[in-house]
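**Student:** Sharing a model that was predicted from the sequence below.
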Amino acid sequence: MVADAPHETTDIEVARAYAAAAAVLDPEIPVLNLVDLGVLRRVERRSGSIVVSLSPTYTGCPATAAIQLAVACALIDAGIAGARTELVLSPAWTTDDITAAGRAKLKAYGIAPPGKGSPAMLFADEQVACPHCGSWQTSRISQFGSTPCKAQWRCDQCREPFDYFKCHR
Amino acid sequence: MPRVIADADLFEFTLALADDALVLGHRLSEWSGRGPSLEEDIALSNLGLDLVGQARLFYTYAGELDGNGRDEDDLAYFRNADGYRNLLIVELEPGDFALTIVRQFLYAAFLHPYFAALCRSTDARLAAIAAKAVKEMAYHLRHSSEWLIRLGDGTPESHRRAVEALDLLWGYTGEMFEPTTAEQRVVAAGIAPDRTQIRQPWTTTVDAVLAEATLQRPAQRGMQSGGRHGRHTEGLDRMLAEMQVLARQHPGAKW
């Protein structure tokens, strides 16, 4: 789901809050902002105050709390008083929520972007292209990596190891 | 027409799901820094993190249903073992790597289809949590299946250990399919899936992976239960003592 960018809003403060939240970077993958990552769901005014709705990625991801704090700070920096953040679980975040711009940034950063389509079958591996040389001759080292969202892969062509942002749907 | 359900029943049901997730998540975290390889150390910590994350969502909801102002930390840190409602299989001490893998497999093979069914709950909050958790359990099932096949179909030593772990754990699998009377009311209200119905998909998965791993299903025998009623093994006391000590010595501490 794409966040509701308040293009049409006449509420200047909502627009400024959205811009401030949208500019916050993911603490673990600091080339992605919250719109790229697809976690900024909505910015709206509720009984007077601004509410920023965020969607967690993995349930246990410690970055979720860091992101909430960073958004709260960004709102204060933007001079927006009395704003708050809230987590929304539904609809559940999937890697399909990562934007095309986000995918391009991941690749440029050396992380293979997630595939689109059906999730991995029990024993079937996904086809992942090396973010360095583009080869499809790659193999999985481990389906778990330095953060919940990544797996460790290696390129059999250029021999470089790389992170793969796991397809999560 | 779905029946109206008492908050107390829904609280009990949600609390049990939270306890299952926290206790197994903590057991997995005990492998951090001790995994058999760096990749596996990271993998087990990741699996534990998923479960602790799921536990937090369930506890927060349980606290709201309880209505006594208890939050996730109150529920996790300020109940003794006899107040915990988790299944016995998740609390057993980690043992060796084979036991950890076999447990993860037997449990994930249950929880993955169970959460898939919970996604269709008429309770929007539980359905939303399940929709997130089911995707994570798919990784748990896949990872533990791959390792179980490697252990069972590996060396004589790894095969022996897998057989021993399977034999020990098998007697704790029955409890996964036993709803409490409170849970039966939650099932009747259309909120919870009927866990007895999960036995069939569970058996299919277990049989397929055991065959691949050259392992036999242990003979049918008496099953252990009691976790849902607060009757636990001694190991849970020790685990909680370690997990809760900081929160209890410094209640309300912030850093």
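**Tutor:** That came through, no problem.

**Student:** Now do the same contact list for the residue nearest the centre of chain A.
**Tutor:** The structure's chain A has its C-alpha centroid closest to A:Leu37; by C-alpha atoms, centre = their mean the separation is 2.2 Å. By C-beta atoms under 8 Å, 6 or more residues apart in numbering or on different chains, the contact list for A:Leu37 reads A:26, A:29, A:57, A:97-98, A:102. C-beta: built from backbone N, CA, C; applies to glycine.

**Student:** surely B:Ala55 meets B:Leu15?
**Tutor:** No: using C-beta atoms under 8 Å, B:Ala55 makes no contact with B:Leu15, being 10.4 Å away.

**Student:** that older thread, nearest to A:Gly115 among the contacts of A:Leu37?
**Tutor:** A:Gly115 has its nearest neighbour among the contacts of A:Leu37 in A:Ile98, at 11.1 Å by C-beta to C-beta.

**Student:** quick one: low-confidence parts of chain A?
**Tutor:** A:1-9, A:116-125 (pLDDT under 70).

**Student:** Same list, the contacts of A:Leu37, but as JSON lines with distance to chain B and neighbour count please.
**Tutor:** Output for the contacts of A:Leu37, formatted as JSON lines (distance: C-beta to the nearest C-beta, whole Å; neighbours: other C-beta atoms under 10 Å in any protein chain shown):
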{"residue": "A:Asp26", "distance to chain B": "17", "neighbour count": "21"}
{"residue": "A:Ile29", "distance to chain B": "16", "neighbour count": "20"}
{"residue": "A:Thr57", "distance to chain B": "9", "neighbour count": "26"}
{"residue": "A:Asp97", "distance to chain B": "13", "neighbour count": "23"}
{"residue": "A:Ile98", "distance to chain B": "15", "neighbour count": "25"}
{"residue": "A:Gly102", "distance to chain B": "19", "neighbour count": "24"}
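
**Student:** Reformat these into TSV and put secondary structure next to each item.
**Tutor:** Below are those laid out as TSV (DSSP: H, G, I helix; E, B strand; the rest coil):
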residue	secondary structure
A:Asp26	coil
A:Ile29	coil
A:Thr57	coil
A:Asp97	helix
A:Ile98	coil
A:Gly102	helix
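
**Student:** now, the most widely separated pair of those residues?
**Tutor:** A:Ile29 and A:Asp97 (14.2 Å).

**Student:** In terms of pLDDT, where does the nearest residue to B:Glu164 once chain neighbours are set aside sit?
**Tutor:** With sequence-adjacent residues excluded and distances taken as C-beta to C-beta, 6 or more residues apart in numbering or on different chains, B:Glu164 is closest to B:Ala98, at 7.1 Å. You'll see B:Ala98 listed with a pLDDT of 98.

**Student:** Spell out which parts of chain A neighbour chain B.
**Tutor:** For chain A, the contact set with chain B under C-beta under 8 Å from any C-beta of the partner chain comprises A:56, A:58-62, A:89-94, A:119-120, A:122-123, A:141-146, A:148, A:152, A:168-169.

**Student:** For the stretch 1-150 of chain B, which segments are assigned as helices?
**Tutor:** If DSSP state H, counting those that start in this stretch is used as the criterion, the helices of the stretch 1-150 of chain B fall at B:7-29, B:38-66, B:72-77, B:88-91, B:97-118, B:124-152.

**Student:** With mean neighbour count added, can I get those in TSV?
**Tutor:** Shown next, in TSV, are the helices of the stretch 1-150 of chain B (neighbours: other C-beta atoms under 10 Å in any protein chain shown):
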stretch	mean neighbour count
helix B:7-29	23
helix B:38-66	22
helix B:72-77	18
helix B:88-91	24
helix B:97-118	24
helix B:124-152	22
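
**Student:** For chain A, give me its nearest residue in the stretch 101-250 of chain B.
**Tutor:** Nearest residue of the stretch 101-250 of chain B to chain A, counting by C-beta to the nearest C-beta: B:Ala128, 3.8 Å away.

**Student:** Write out the residues of the stretch 51-200 of chain B neighbouring chain A.
**Tutor:** B:51-54, B:56-57, B:124-125, B:127-129, B:131-133, B:135-136, B:138-139, B:141-143, B:145-146.
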